[in-house]
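Colleague: predicted model and sequence follow; I will ask about them next.
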Amino acid sequence: MGDRARAQEQERRYLDAAATFGPALERLARAYERDADKRADLLQDIHVALWRSLGRFDGRCSLRTWVYRVAHNTATSKALRPRTNAPTLVAIDESLDSLADRAAGEQHLDRTRAIERLHDLIGRLRPLDRQVMLLYLEQLDAASIAEVTGLSTANVSTRVHRIKQILIRQFHEGSSDGTKS
Amino acid sequence: MERKAETDVEKIWQQQPLETPRLSVDVIRTKAQRFDEKVQWWRNVGAAAVIVALIAEVVQVWLGRDVIERAGDLLTIAALLYIAYEYHKYSQSAPDRLGRTSCVDFYRAQLVYEQNLAGQSIRYLLPFVPGVTLSLLHGVIGEGLTTVHRTGVAVVGIALFLGVAWLNARATQKLQREIDAINGV
């Protein structure tokens, strides 16, 4: 394949990936970076990394796995660099209970506040738990999450189970009067 | 009931309003090209610097008469070749690595890299050496200083070295705990 054909193929793959996963990538960037300007930079970095990587995509894994790996790895390297004022990150099975408890007491939870609370929750998670939760929210099954993250399927299932418990406590119990969604 | 709660949250997550206008493919292509050009430029600069330094050292070995001096130059050449190898290895990081590497492996590699940086205390201690040494020397040979002053200068200097070393050791240990946690999953 000549250079021109290769470049065309790279562009076709990128357009395909951007059309299919563009919204998911934006949600991912939002989950890693709360500041709007930095978020825009991060999203652009993810797209540039995706473009560059797709020149060598060989189909050994699915395009979806490839895209999520590029996005999470880029976000991890850019957005999770040590910051002096960064909050302490926690594991999914550690102190998230207290965060969930605070929300459970509230009876009215509109959509905007629910999203904010979800971002708060995600923002406090350690990288691997954050990745699992984001992939779960994008409706990937345990096997697909395992392929992206490199965790075992059993490990992912355990984490997803814990995530579900927290989400139910945080969002369902807190809006049992039907005000949610 | 529980399943409904989960799908509600998933729905809320996926229906959040998007705020960024779609990025044009021309912008992405141009930025990717600029990035590649910048990487290539730094590779060329690094290679040129090593070649110039190697030529200078080879000339000195060739012209030198003293055995110790020539041995020193040979050791410098070996060090330059080693640095060039390390630099080459580092700069060969392919763009597809991000897609081929799982998140766990990538995060572990990031932590190991940061740990190596933090663990190289000497990199951070060396810049302090000239200033602190001069201060200590001044404290020792300076006229009109009492023994208490001299001791004070020495203590401050040593405390500075130990403080930096302690901070680095703490950062290294923290990173090691994170690496151990990843290895344990």
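Modeller: Received it, and whenever you're ready, just let me know what you need.

Colleague: where does pLDDT dip in chain B?
Modeller: Counting by pLDDT under 70, chain B has low-confidence residues at B:1-7, B:86-87, B:89-94, B:119-145.

Colleague: against chain A, how distant is the residue nearest the centre of it?
Modeller: To find the centre residue of chain B, average its C-alpha atoms and take the closest one (Cα atoms, centre = their mean): that gives residue B:117, at 4.6 Å. Per Cβ to the nearest Cβ, to the nearest Å, residue B:117 is found 11 Å from chain A. C-betas here are computed from N, CA, C, even on glycine.

Colleague: next one: residue B:11
Modeller: The separation that residue B:11 has from chain A, given Cβ to the nearest Cβ, amounts to 6 Å.

Colleague: how about the helices in the chain?
Modeller: All of this refers to chain A. Under the criterion DSSP state H, chain A carries helices at the ranges A:3-32, A:36-54, A:63-79, A:96-104, A:111-123, A:127-137, A:142-149, A:153-167.

Colleague: meant chain B actually
Modeller: Taking DSSP H as the criterion, chain B carries its helices at B:2-14, B:25-63, B:67-91, B:97-100, B:103-119, B:121-125, B:129-141, B:147-183.

Colleague: pick the most buried one from those.
Modeller: Of the helices of chain B, the one with the most neighbours on average (mean count of other Cβ atoms under 10 Å in any protein chain shown) is helix B:97-100, at a mean of 22.

Colleague: show me where pLDDT drops low in chain A?
Modeller: Low-confidence segments of chain A, defined by pLDDT under 70, span residues A:1, A:79-109, A:172-181.

Colleague: can we see that at 50?
Modeller: Chain A contains residues with pLDDT under 50 at A:84-85, A:95, A:103-105, A:107-108, A:174-181.

Colleague: spatially central residue for it, please.
Modeller: Per Cα atoms, centre = their mean, the C-alpha nearest to the average position across chain A is that of residue A:134, at 3.2 Å.

Colleague: list the contacts of that residue.
Modeller: By Cβ atoms under 8 Å, 6 or more residues apart in numbering or on different chains, the residues touching residue A:134 are A:27-28, A:31, A:72, A:122.

Colleague: among the residues you listed, which one sits closest to chain B?
Modeller: Nearest to chain B, judged by Cβ to the nearest Cβ, of those is residue A:72 at 5.1 Å.

Colleague: which parts of stretch A:19-30 are buried?
Modeller: Taking 16 or more other Cβ atoms under 10 Å in any protein chain shown as the basis for neighbour counts, the residues of stretch A:19-30 that come out buried are A:21-30.

Colleague: which residue is the nearest non-sequential neighbour of the closest residue to chain A within chain B?
Modeller: Checking chain B residue by residue against chain A with Cβ to the nearest Cβ singles out residue B:102 as nearest, at 2.7 Å. The shortest distance from residue B:102 to any residue other than its chain neighbours is 2.7 Å, reached at residue A:150 (Cβ to Cβ, 6 or more residues apart in numbering or on different chains).

Colleague: just to revisit the earlier point, the buried residues of stretch A:19-30 also near chain B: which ones?
Modeller: Filtering the buried residues of stretch A:19-30 for neighbours of chain B using Cβ under 8 Å from any Cβ of the partner chain leaves A:22-23, A:26-27, A:30.

Colleague: reformat those as JSON lines; add distance to residue A:36.
Modeller: Formatted as JSON lines, the entries for those read as follows, by distance: Cβ to Cβ, whole Å:
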{"residue": "A:22", "distance to residue A:36": "18"}
{"residue": "A:23", "distance to residue A:36": "17"}
{"residue": "A:26", "distance to residue A:36": "12"}
{"residue": "A:27", "distance to residue A:36": "14"}
{"residue": "A:30", "distance to residue A:36": "9"}
